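**Student:** Sequence and predicted structure below; questions after.
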Amino acid sequence: MAEVAVHVVVDGRVQGVWFRAWTRQEANKLGLRGWVRNRRDGTVEAVLCGENSVVDDMVQRLHVGSPASRVDNVTVSPANPPAEMAFVQKNTV
């Protein structure tokens, strides 16, 4: 099946609440590749790549977020496939 890649920006209380590590854990469970990182504006961004239905599943999980987070908005746009062969957590930009 063909892979799809999306860029996701998550807004809300998503920093300091284990959101990046949770995202990495969930993405790895689903077999996705890509990355997640904090942004200095308080949001979290990620690139998710995998089978369409699996990427959609992960996007739905991001709407809920980690147990301590509060997700206010999730913006999804098309992306180029990431260079990463696994799902990794990156430094803040």
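**Tutor:** The structure has been received and is ready for your questions.

**Student:** For the rest of this, base every contact and every neighbour count on C-alpha atoms.
**Tutor:** Noted.

**Student:** all strands in this protein, in order from the N-terminus.
**Tutor:** 3-13, 33-38, 44-51, 70-78, 87-89 (DSSP state E).

**Student:** Now distance to residue 20 too, for the ones you listed, in CSV please.
**Tutor:** Putting these into CSV (distance: least, CA to CA, whole Å) gives the following:
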stretch, distance to residue 20
strand 3-13, 11
strand 33-38, 6
strand 44-51, 8
strand 70-78, 13
strand 87-89, 7
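
**Student:** Turn the ones you listed into JSON lines, columns for distance to residue 61 and mean neighbour count.
**Tutor:** Shown next, in JSON lines, are the strands of the chain (distance: least, CA to CA, whole Å; neighbours: other CA atoms under 10 Å):
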{"stretch": "strand 3-13", "distance to residue 61": "11", "mean neighbour count": "19"}
{"stretch": "strand 33-38", "distance to residue 61": "14", "mean neighbour count": "23"}
{"stretch": "strand 44-51", "distance to residue 61": "12", "mean neighbour count": "23"}
{"stretch": "strand 70-78", "distance to residue 61": "10", "mean neighbour count": "14"}
{"stretch": "strand 87-89", "distance to residue 61": "16", "mean neighbour count": "20"}
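
**Student:** Tabulate those in CSV, adding columns for mean pLDDT.
**Tutor:** Output for these, formatted as CSV (pLDDT from 0 to 100):
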stretch, mean pLDDT
strand 3-13, 97
strand 33-38, 98
strand 44-51, 98
strand 70-78, 98
strand 87-89, 97
